[in-house]
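Participant: dropping a prediction and its sequence here:
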Amino acid sequence: QVQLVESGGGLVQAGGSLRLSCAASGRTFSSYDMGWFRQAPGKEREFVASIKWKGGSIYYVDYADSVKGRFTISRDNPKNTVYLQMNSLKPDDTAVYYCASSPRTLPRRSYEYDYWGQGTQVTVSS
């Protein structure tokens with residue numbers, strides 16, 4: 001059974017940083033692309049970032065325009081963990097953040113992911 005467990009959310013002031021982690025189990029982690037999504041109250045779930053391990057030290061990443069230059073996605077395959085480093089946080093970044101796993105290449109749509117974590121709350125105060 002595949003499980004994804006996020007951690008690292010919390011309350012931070014605007015301009016601050018947080019690092020989210022997502023620990024995966026139940027499938028060959030390195031074989032799947034991983035993504036982060038977020039959902040703010042009253043809004044649809046939106047794509048944040050995704051990462052694909054190509055082999056060796058080669059990774060492909062993709063970011064939503066709204067977070068490009070501020071957020072960094074990374075993964076540690078031996079630890080079965082994907083990270084989201086969030087810098088220069090803004091109140092608009094407030095949302096529940098979800099990690100997800102996909103057999104597709106750098107997917108941006110939620111339906112392209114087959115397993116999801118339970119989410120972790122990120123709140124950015126102004």
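Facilitator: Everything's here; your move. Because the structure is predicted, anything quoted here is derived from the model rather than measured.

Participant: okay, how far is it across stretch 36-47, tip to tip?
Facilitator: 7 Å (C-alpha to C-alpha, to the nearest Å).

Participant: no wait, stretch 37-46
Facilitator: 5 Å.

Participant: so what's the gap between it and the chain middle?
Facilitator: 13 Å (C-alpha atoms, centre = their mean, to the nearest Å).

Participant: tell me the mean pLDDT for it?
Facilitator: In this model, stretch 37-46 has an average pLDDT of 97.

Participant: can you pull the buried residues of that stretch?
Facilitator: 37-38, 45 (16 or more other C-beta atoms under 10 Å). Using the backbone N, CA and C atoms, a C-beta is placed for each residue, glycine as well.

Participant: the spatially most central residue of the chain pairs with what?
Facilitator: The chain has Trp36 as the residue nearest its centroid, 2.4 Å off, counting by C-alpha atoms, centre = their mean. Beta-bridge pairing for Trp36 (DSSP bridges): Ala49, Cys99.

Participant: gap between it and Val2?
Facilitator: From Trp36 across to Val2, the span is 17 Å (C-beta to C-beta, to the nearest Å).

Participant: likewise Tyr60?
Facilitator: Counting by C-beta to C-beta, the gap from Tyr60 to Val2 is 22 Å.

Participant: test my guess that Ser88 contacts Thr72.
Facilitator: No - the criterion here is C-beta atoms under 8 Å, and Ser88 misses it with Thr72 at 11.4 Å.

Participant: out of the two, which sits in the busier spot?
Facilitator: Legend: neighbour count by other C-beta atoms under 10 Å for Ser88 and Thr72, higher for Thr72 (16 against 13).

Participant: just list whatever residues bridge to the more buried one.
Facilitator: Applying DSSP bridges, one finds that Thr72 bridges with Gln85.

Participant: can you tell me how far it sits from Tyr32?
Facilitator: From Thr72 to Tyr32 the distance is 19 Å (C-beta to C-beta).

Participant: likewise Phe71?
Facilitator: In terms of C-beta to C-beta, Phe71 sits 20 Å off from Tyr32.
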